[in-house]
Structure formats: structure tokens, C-alpha cells
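*Asks:* output the structure for:
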Amino acid sequence: MTLSGLACRTRARFNLKAWVSAAGSGAVLASLILHPVSSYAQSGLAGDPLKAGAPRVRPVCSVARVGAAPAPEQRQRARDLMEQGQQAAILGDSPAALRALRDASVLDPTDPDLAYQLGRAYETAKDARNAIAEYCRFLSLAPTSPDAGEVVEKVRTLAPPRPEQIIDLTLAIFRSGVAAYQRGQFASADSAFTRAIEADSDWADAYYNRARVRIARGDREAARADFARYLALVPDAADRRQVAREMGDLGPEELSPLLALAYGVVMPGGGQFYAHRPIRGVLTFAVVAAASVVAAKTRTVGSASTGVRTERPYLIAGILTATGVGVVSAVNAALYVLSTQDAPVRVGLSFVPGSNTFVARASVPSGW
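*Replies:* The predicted structure follows:
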């Protein structure tokens, strides 16, 4: 078993001025697209701590607090001692192996591989209590390790037979997700909470925390689903109103045809990006940029006797193409956004005179 195993594994000439202008427009467009997502993610992080999670049964292994990492020289010394202990174990000198590994663990208590090796040394020495303590420390340091299952079985074998106790590995995974979130490692946090949910599909706090993580990652739909599951599991939660309000904020985004048109006019392809059609947006921007480059292209005509002059033969065509493509794209984006909105319900009401009275008739669209 190694530390790496624990860590789980045309050629074309362009007018320079036009090209720089196009590139600058691209940067502005990118910021226009990304700004709403990033600002929303930041707002989701501010003042939104995760739930700590609590075991619902008494575990054999408690989750150890990991202290600060040792100095580089201490860590290197601990690794040297661990190698000495491994060599002593291979030679059958169990006391020397145990002594070296114990000293190494004092120097670097944050190394899961060292905790595992020390646990094995205690197990070989028939010291079940200390072996369990080191194996549990390994589970706290590396709860998502592929070897965690094997270590759990070791603890179950070494621990006294108490059926009401379990290895609370799921809680360790849960709290590793909290720590990853606090470090800004949102992908790792998402993975940890997902694993906790797979182990216990009714763990409300895991759904709540994963919703917070997914807000930070910009995945609004998935976050809303996790909040909904949280409220279903804890209908009388103290933060129910706050969560319900956030679910409303995370609901389907209401797009505006006027904004789509405005974005498309200000920035080629901006309306398509606003309408969540990035391929059309990129194509629009590329065509407009290419047309602008063509419009700016110059050539020299005339001779020394008649005079030399510089002209832009494709200026009108390039400008018309760029403008036309940009406007058509903006209008198309606005129409697309309009088409995705619910059509207004039209109700017809008419009065038909009868012999002695009026008959009122109401009509609604079919399928409504």
C-alpha cells in the first residue's frame, strides 16, 4: 500500500488592428456571459455555512481532527522512519518496526499511510486497542480511500462484538465534504456528499449541503432539486422558509426578448448566448469578426506616373455582411426567447340574443 494509492487517481494574413479589435470584443463577450454565473455563485457562498452533520448511532471510530501539516523537515524525517519501520517488519523485528512507526507518527500525524502502517504493526503485536485507534485515524484522514473498506473490516474484526456500534465511515465522508467546501474545492465536496447520499438516501443534511455546493458551481437546477429533497425529508425544518425562498430564486430563469435583442445589438452573438444557444453565438461572432477583417483589408492601386493610392475594395460588402449577420442573429435570439415563453391564454366571450333573453358563450383555446 502506497501513498499514491491512498490519494486516488488557413494560412491567412489578417489586418492586425481588426484582429485585436475582434479579440477584445471576445473578451467583453466572455465576461458578459460569465458574470451572472460567477456573481450568483459568490452570493450563494456568502453567509451560507454547511450543516455539520451528526451521527445517529454511536460509532466505534470517532472522526479525528486533523492538525496543521508538519514542517517539511519533520515530514521527511517521518518518512525515513516509516521506511525503517517497514524494513524492520520485513526482517521480522516487530518491536523495532513498532518503535520506528510510532516515532514517525508523532512527527507527522497527518499521513494516512503512516497511520495504516502503524495500525498493522499494532495488529501484528496483538495490541487490538491501539490497532483500532490507528485504523480509525486512517479512516478519518482518508475516508474516501479505496482501501477504506478493507480497514473497516479490520476494525470490525478487532473491535469487541457490540452490535449497536458501527463504523461511521459515512459521517467521515460527509465531513470531508464540508472541509472541501470550506477550501473552495467544490468538485470534491460534491463527490463527497454524493457518496454520503448513496450510503444513506434519507440524510437530509447531505442534500442540503450538496445544494449549497451546487449553487457555488452554478448548477441551479440540481441545487433546487436537492433543496426540495431536503424539505421533503425534514418538513418542519427551522430554515424551511429560507430554503423555500431560495428554491424560488433558483427556479427556471425568466428570459426577456428585449434583453436578447439588446445583447445581440451591442455584441455580435450576445443575444444567442443570453438565450443559451452558445453554438449560434460563437458562429455569429466568428462571421462578424471575419467580415470586419475583410472590410478592413486594403490594397494599393495606381502607378508612379498616375499616383499611388490605398483603397478598401471590400469595405461596403464587409460592413453590410457584419451588420446584417449581427442584426439577424439578435432578432433570431429575441424571437427564440419569445417562443419559449408561455403563450397568453385568450378567452372569448360573446352574447347571442335569444327569443326572450341573451345567451352568453365563452371559448378557450383547445388543450387549456
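
*Asks:* residue ranges in this protein under the pLDDT threshold?
*Replies:* Under the criterion pLDDT under 70, the flagged ranges of the chain are 1-48, 54-68, 160-168, 251-254, 304, 341-368.

*Asks:* and stretch 217-237, how far out from the chain's middle?
*Replies:* Mean-position distance between stretch 217-237 and its chain equals 16 Å (CA atoms, centre = their mean, to the nearest Å).

*Asks:* mind listing what's buried in that stretch?
*Replies:* 217-220, 222-231, 233-234 (16 or more other CB atoms under 10 Å). In short, each C-beta sits where N, CA and C put it, glycine included.

*Asks:* take the residues you listed and keep only those in helices.
*Replies:* Of those, the ones assigned to helices by DSSP state H are Arg220, Ala222, Ala223, Arg224, Ala225, Asp226, Phe227, Ala228, Arg229, Tyr230, Leu231, Leu233.

*Asks:* the residue positioned nearest the centre of the chain and Ser201: what is the separation?
*Replies:* Central residue of the chain (CA atoms, centre = their mean): Arg217, 3.5 Å from the mean position. Distance of Arg217 to Ser201, computed by CB to CB, to the nearest Å: 22 Å.

*Asks:* what about the nearest residue to the residue nearest to the centre of the chain once chain neighbours are set aside, how many residues close to it?
*Replies:* Among residues not flanking Arg217 along the chain, Phe186 sits closest, at 5.1 Å (CB to CB, 6 or more residues apart in numbering). Neighbourhood size, Phe186 [other CB atoms under 10 Å]: 21.

*Asks:* quick one, what contacts Phe186?
*Replies:* Ala180, Val213, Ala216, Arg217 (CB atoms under 8 Å, 6 or more residues apart in numbering).

*Asks:* so which of those residues is the most crowded?
*Replies:* Result: Val213 is most packed of these (other CB under 10 Å), 30 neighbours.

*Asks:* so whichever helix or strand that residue is part of versus helix 220-233, what angle?
*Replies:* Per DSSP states H and E, Val213 falls inside helix 204-216. On the basis of axes from the mean of the first three to the mean of the last three CA atoms, to 10 degrees, helix 204-216 is oriented at 160 degrees to helix 220-233.

*Asks:* kindly export helix 204-216 (C-alpha atoms) in PDB.
*Replies:* Coordinates of the C-alpha atoms in helix 204-216 are reproduced here as PDB (Å, rounded to 0.1, in the frame of the first residue of the first chain):
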ATOM      1  CA  ALA A 204     -31.400  15.500   4.800                       C
ATOM      2  CA  ASP A 205     -28.200  17.400   5.800                       C
ATOM      3  CA  ALA A 206     -26.300  15.800   2.900                       C
ATOM      4  CA  TYR A 207     -28.900  17.000   0.400                       C
ATOM      5  CA  TYR A 208     -28.800  20.500   1.900                       C
ATOM      6  CA  ASN A 209     -25.000  20.700   1.800                       C
ATOM      7  CA  ARG A 210     -24.900  19.300  -1.800                       C
ATOM      8  CA  ALA A 211     -27.400  22.000  -2.800                       C
ATOM      9  CA  ARG A 212     -25.100  24.700  -1.400                       C
ATOM     10  CA  VAL A 213     -22.100  23.200  -3.200                       C
ATOM     11  CA  ARG A 214     -24.100  23.100  -6.500                       C
ATOM     12  CA  ILE A 215     -25.100  26.700  -6.100                       C
ATOM     13  CA  ALA A 216     -21.400  27.500  -5.800                       C
END
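
*Asks:* who are the packing partners of that helix?
*Replies:* helix 16-45, helix 169-182, helix 186-199, helix 220-233 (3 or more CB pairs under 8 Å, 6 or more residues apart in numbering; DSSP states H and E).

*Asks:* make it 6 Å
*Replies:* Packing partners of helix 204-216 (3 or more CB pairs under 6 Å, 6 or more residues apart in numbering; DSSP states H and E): helix 16-45, helix 186-199, helix 220-233.

*Asks:* who touches that helix?
*Replies:* 41, 44-45, 48, 50-51, 53, 181, 186, 189-190, 193, 196-197, 222-223, 226-227, 229-230, 233-234 (CB atoms under 6 Å, 6 or more residues apart in numbering).
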